[in-house]
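Engineer: need a structure here:
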Amino acid sequence: MTQASTPSAPGAASTRPDYNVAVGYLRGFARLLVFALHSVMAYYPGPYPLTGPVFHQGIPVQDHDVFAGARILVAFNEISLMSLLFFLSGLFLWSSLVRKGAGGFLRERVVRVLIPFLVCGGLVAAIAYYPSYLQTRPPSPSVGDYARTWLAPGSWITGPGWFLLVLFVYDLVAIALYRLIPDWGERIARLAADARAHPERLFGRLLIVSAVAYVPLAWLLGPYDWWHISLFWLQKSRALEYACYFAFGAAVGAFGLSRGLLARDGALARHWTWWALAGLGVFLAVANLLWHTLKHHLEDQLLWSTAANVGWVVCCAACCFALLAIFARFARRSRVADSFVDNSYGMYIVHYMFVTWSQYALLSAPLPGPVKWLCVLSATIAASWGVAAALRRIPIIGRNV
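Structural biologist: Alright, predicted model coming up:
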């Protein structure tokens, strides 16, 4: 398909001269997976490794109509999606730091990440979790009673906004490193120096480092427990693993997107078939291993937990590289895709309230779980896309979201 220009709001990423189609479209696809995941959680049949507030954060509305196929989507996203998003977030880190300096980069991160977190984890989350409050069937439901419950110490749930706050913390660490070691980005770029011709070497490095970052914490803290400190939410075992993917993304970006791992004529794109098949095969094996471990409560047995934790690391890296290879090979410009990508960040910020209210509205509908999921997903995409596009027509928002 030929490149197509399309009217865009101020600051549209797709109109920038340095825009990388593969990265932009993969980022949009990853956010689409987020919308699909959140839309299907009400119909997920289990097993559930989460309890208490963490369960409430991930599944605010629970329907009696379930969808067995949800296990595939949940497993894929649970294993690889958030790590991929942190990797993609790191790709432009070094170039932004060098171009804007520590102070300018910090100001940009406050506007583009911290303020959207406050909107997403504050106003949007408060609206999104109200249906969960209604499902408890309080004797006298009211907005005032909900507000008192919501604002009680330790009760605030930020929903998908947790990702933005963790990303902001990683950005702060990157800024501190830049002040202490001004060339740290150029140093870590060496990790990706041979990725154009030998992506398997970068894959091996990522695999080793992420295993060291994840497996010991998963053993010590459990693979599914979360920290919940006021507005800060983070899965304990993945604090360093996410930072690892963020750093490797920074290394790939610092070396150069067009001449490194994601080069259109690079080995990753040329051999996308093998990467895709490897990712699929590893996913099928590891997803079934994790499901068996959860179903039979084997997380505390050393052999099973080791196999599950190591398998999770391998599957995460394999799926991420498979998606990188596919998009590096096939991403082409289109009007619809450009519009979706340009609005997908704003959609991420506002989408969750449309998810939960759609799920709540369909609780008593005589429809099977898969149909309900498709209805929720369609409504979520349409509504959040429309709201994001409208908001981005406001210049101050369009320049930053």
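
Engineer: Tell me which helix or strand the nearest residue to residue 27 once chain neighbours are set aside sits in.
Structural biologist: The shortest distance from residue 27 to any residue other than its chain neighbours is 5.0 Å, reached at residue 88 (CB to CB, 6 or more residues apart in numbering). All C-beta atoms are positioned from the backbone trio N, CA, C, and that covers glycine. Here residue 88 sits within helix 82-90, counting by DSSP states H and E.

Engineer: Distance from that helix to the middle of the chain?
Structural biologist: Mean-position distance between helix 82-90 and its chain equals 7 Å (CA atoms, centre = their mean, to the nearest Å).

Engineer: Run through the neighbouring helices and strands of that helix.
Structural biologist: Secondary structure elements in contact with helix 82-90, counted by 3 or more CB pairs under 8 Å, 6 or more residues apart in numbering; DSSP states H and E, are helix 21-40, helix 162-180, helix 239-255, helix 302-330.

Engineer: Now do the SS call for residue 227.
Structural biologist: Using DSSP: H, G, I helix; E, B strand; the rest coil, the three-state assignment for residue 227 comes out as strand.

Engineer: quick one: pLDDT of it?
Structural biologist: On the pLDDT scale, residue 227 is placed at 88.

Engineer: doesn't residue 234 make contact with it?
Structural biologist: Yes - if you go by CB atoms under 8 Å, residue 227 and residue 234 touch, sitting 5.0 Å apart.

Engineer: So between these two, which is more surrounded?
Structural biologist: residue 234 (17 against 12; other CB atoms under 10 Å).

Engineer: Report the separation between the more buried one and residue 177.
Structural biologist: Taking CB to CB, to the nearest Å as the measure, residue 234 falls 20 Å from residue 177.

Engineer: now swap in residue 211 and tell me
Structural biologist: 23 Å.

Engineer: same check, this time on residue 278
Structural biologist: According to CB to CB, residue 278 stands 33 Å off from residue 177.

Engineer: What of residue 127?
Structural biologist: Following CB to CB, the distance that separates residue 127 from residue 177 is 37 Å.

Engineer: what do you get for residue 261?
Structural biologist: Computed as CB to CB, the residue 261 to residue 177 distance reads 22 Å.

Engineer: which of those two has more neighbours?
Structural biologist: Comparing residue 261 with residue 177 by neighbour count (other CB under 10 Å), the higher total belongs to residue 261, at 29 against 17.

Engineer: got a list of what that one touches?
Structural biologist: Residue 261 makes contact with 192, 195, 196, 199, 202, 252, 255, 268, 324, 328 under the criterion CB atoms under 8 Å, 6 or more residues apart in numbering.

Engineer: In a markdown table, list these along with neighbour count and distance to residue 377.
Structural biologist: A markdown table is the format used below for the contacts of residue 261 (neighbours: other CB atoms under 10 Å; distance: CB to CB, whole Å):
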| residue | neighbour count | distance to residue 377 |
| --- | --- | --- |
| 192 | 25 | 35 |
| 195 | 24 | 35 |
| 196 | 21 | 37 |
| 199 | 25 | 33 |
| 202 | 24 | 34 |
| 252 | 27 | 31 |
| 255 | 23 | 37 |
| 268 | 27 | 30 |
| 324 | 26 | 25 |
| 328 | 26 | 27 |
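
Engineer: quick one, helices of the stretch 1-150 of the chain?
Structural biologist: Under the criterion DSSP state H, counting those that start in this stretch, the stretch 1-150 of the chain contains helices at 21-40, 52-58, 70-76, 82-90, 93-109, 115-118, 125-128, 130-135, 143-150.

Engineer: Identify, out of these, the most deeply packed stretch.
Structural biologist: Among those, judged by mean count of other CB atoms under 10 Å, the one packed with the most neighbours on average is helix 82-90 (a mean of 24).

Engineer: Kindly calculate the angle that it makes with helix 239-255.
Structural biologist: 40 degrees (axes from the mean of the first three to the mean of the last three CA atoms, to 10 degrees).

Engineer: export the helices of the stretch 1-150 of the chain to a markdown table and tack on distance to residue 350 and mean pLDDT?
Structural biologist: Written out in a markdown table, the entries for these read as follows (distance: least, CB to CB, whole Å; pLDDT from 0 to 100):
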| stretch | distance to residue 350 | mean pLDDT |
| --- | --- | --- |
| helix 21-40 | 11 | 95 |
| helix 52-58 | 18 | 78 |
| helix 70-76 | 22 | 93 |
| helix 82-90 | 17 | 96 |
| helix 93-109 | 20 | 95 |
| helix 115-118 | 10 | 95 |
| helix 125-128 | 9 | 92 |
| helix 130-135 | 15 | 87 |
| helix 143-150 | 18 | 79 |
